[in-house]
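1. What follows is a predicted protein model with its sequence.
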Protein chains: 2
Amino acid sequence: MTYLFEAATAVEPAGVAGGVRRYRGEVHDGWDIGGNANGGYVLAIAGRAMADAMGRPPLTVTAHYLAPAPPGPCEVVVTTVRDGRRLATCTAALVQGGTELIRVLGTFGVPADRGMHHLDGGPPDLPPYDECIGSADVDDPELPGLMRRLAVRLRPGDAGFRSGEPAGRAEMAGWFAFATETPIDQIGLLLVADAFAPAVFNTGVPFGWVPTVELTVHVRAVPTPGPLRCLFRTRFVAGGMLEEDGEIWDASDALVAQSRQLALTPR
Amino acid sequence: MTYLFEAATAVEPAGVAGGVRRYRGEVHDGWDIGGNANGGYVLAIAGRAMADAMGRPPLTVTAHYLAPAPPGPCEVVVTTVRDGRRLATCTAALVQGGTELIRVLGTFGVPADRGMHHLDGGPPDLPPYDECIGSADVDDPELPGLMRRLAVRLRPGDAGFRSGEPAGRAEMAGWFAFATETPIDQIGLLLVADAFAPAVFNTGVPFGWVPTVELTVHVRAVPTPGPLRCLFRTRFVAGGMLEEDGEIWDASDALVAQSRQLALTPR
């Protein structure tokens, strides 16, 4: 069977010329925040095309966001930069109706092994999935469409921003799963990295759109099945910009991804 | 006058066609680690060409490293992705003798202001510059060429890796300055982000080359004059890879840059 996330990020080869491969895809309705598709979701579409072109999954991917992404057909143009034995690097442009929405640069390959040498830190300390706060537990008529596709559950307290009771620290922690229990692979991790409300909302800053300028995701291991534990933090707001760092952990206590984005302060 | 770093990263326009601008530059001798140019230095050459093409300084730049960089002439090919009012995005390929050494994706613009709202953390707690450990203070015949161009001074203890006495934690903190007292601008910050020995050396891992796969630098403010305080940390070694996060602070206690790189474990 094809899971919903796979279908919503599917791409179809549409031609090869030189080092350039074209794919047809679609920004599907319902993966949005206020009408525009979530940045991690759009990155997952591009990432799937890039992974197909390189014949291996993503290790490190950086997207620069150029324009909002409404639903509709799109094209992903993948250009090979270097196709090496262990690592392959390529760029992608995701284009919709003549407008480029994101430009991506990534290196693809397979993590060497699952061996982990923790130097500092482990998974966030979260209550069990069922004791965290699901979107359905909150009466929010403005719940973004994306959140209906996901079964994200927030650490108690971190959901306070929704009801005007922010936790007072720029953290957002919780569990990530798809609503349809789709297994989460490396392409899914690109979405996970941008699937939580901005951590800065929990400082009590005025609500607003926090436009991502750039998002980088490092895939550190292939997730084992099951919901993922996630922690997002913003430490510095400066120059009209903020960074948000993410850690994503699987059921075996392996760090499966790290993320960092640079975003404009809420407007 | 032209400072040494400016001269060593200078680029000269060599043609415009469509959205593509070509620049001539040179990987100068003496900015190396064991014969190959430092990754931050090479990024600075590309970044200078990109900033010239976009008419503004870097805000967030990501480089993927494709091949080692020996000294010699190079070309930087800059392609505009989007030229907006506040932000401009472009890619660059730095090519030497037909081999692409790095591919870069970046967004350029001017930070909105120097106003800083610290959420969590401040500059690293370092002894004064003169009480930290300079390269000249250590008897190291294998001191990389790069370190002779810089006046980096390490936090006492963090230099222990050089004499087989690693501090036992994956941190490397210290002061950054150019040996010639060149002011440090946004292009200089691209070098600073990769100018310290790998933090992981202070865990006692066997020495070796730690090849950077990808380096992202966020420029958060324009540095005030004077040496910069820097802290680099590695938290997770997994799948044959490690991340290294950097913070760079100026004399006014402003965070001027954050960096993160994904590197292969020492080999």
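-> Sure, I can see it. Quantities reported herein were computed from a predicted structural model and do not represent experimental measurements.

2. quick one: low-confidence parts of the stretch 51-200 of chain A?
-> A:114-116, A:118, A:136-141 (pLDDT under 70).

3. which parts of it sit against chain B?
-> Where the stretch 51-200 of chain A comes near chain B, counting by C-beta under 8 Å from any C-beta of the partner chain, the residues are A:59-60, A:62, A:64, A:66, A:81-82, A:87, A:89, A:91, A:93, A:100, A:103-107, A:111-121, A:169-170, A:200. Where C-beta positions appear, they are placed from N, C-alpha and C, glycine not excepted.

4. Mind giving me the PyMOL select for those, buried ones only?
-> PyMOL command restricting these to the buried ones, with burial defined by 16 or more other C-beta atoms under 10 Å in any protein chain shown:
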select buried, chain A and resi 59+60+62+64+66+81+82+87+89+91+93+100+103+104+105+106+107+111+116+119+170+200
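
5. remind me, longest helix of chain A?
-> The longest helix of chain A (DSSP state H) is helix A:39-54.

6. Tell me the first helix or strand C-terminal of that one.
-> For helix A:39-54, the succeeding helix or strand toward the C-terminus, using DSSP states H and E, is strand A:58-65.

7. next structured bit after that next one?
-> Downstream of strand A:58-65, the next assigned helix or strand under DSSP H and E is strand A:72-83.

8. what's that following strand in contact with?
-> Residues outside strand A:72-83 that contact it (C-beta atoms under 8 Å, 6 or more residues apart in numbering or on different chains): A:11, A:14, A:19-27, A:45-46, A:49-50, A:53-54, A:88-97, A:101, A:105, B:64, B:66, B:93, B:100, B:103.

9. Which PyMOL command selects the buried ones in those residues?
-> Buried subset of the contacts of strand A:72-83, written as a PyMOL selection, criterion 16+ other C-beta under 10 Å:
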select buried, (chain A and resi 11+21+22+23+25+26+27+45+46+49+50+53+54+88+89+90+91+92+93+94+95+96+101+105) or (chain B and resi 64+66+93+100+103)
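
10. Next step: the contacts of strand A:72-83 restricted to helices.
-> Going by DSSP H, the helices hold A:45-46, A:49-50, A:53-54 from the contacts of strand A:72-83.

11. Output those as JSON lines; include the columns distance to B:Pro71.
-> Formatted as JSON lines, the ones in helices among the contacts of strand A:72-83 follow (distance: C-beta to C-beta, whole Å):
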{"residue": "A:Ile45", "distance to B:Pro71": "41"}
{"residue": "A:Ala46", "distance to B:Pro71": "36"}
{"residue": "A:Ala49", "distance to B:Pro71": "38"}
{"residue": "A:Met50", "distance to B:Pro71": "33"}
{"residue": "A:Ala53", "distance to B:Pro71": "34"}
{"residue": "A:Met54", "distance to B:Pro71": "31"}
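
12. which of those residues lies closest to A:Ala177?
-> Of all these, A:Ile45 has the smallest distance to A:Ala177: 20.2 Å, by C-beta to C-beta.

13. Would you agree that closest one is in contact with A:Thr9?
-> Yes - judged on C-beta atoms under 8 Å, A:Ile45 makes contact with A:Thr9 at a distance of 4.9 Å.

14. Now do the shared contacts for these two.
-> Shared contacts of A:Ile45 and A:Thr9 (C-beta under 8 Å, 6+ apart): A:Gly25.

15. beta partners of A:Thr62?
-> A:Thr62 has these beta-bridge partners by DSSP bridges: A:Leu105, A:Thr216.

16. Show residues contacting stretch A:17-34.
-> Under the criterion C-beta under 8 Å, 6+ apart, residues A:7-16, A:37-38, A:41-42, A:45, A:48-49, A:52-53, A:69-80, A:94, A:96, A:144-146, A:148-149, A:209 lie in contact with stretch A:17-34.

17. Please give the element, helix or strand, for the residue nearest the centre of chain A.
-> Chain A has A:Leu191 as the residue nearest its centroid, 2.6 Å off, counting by C-alpha atoms, centre = their mean. Assigned by DSSP H and E, A:Leu191 belongs to helix A:186-192.
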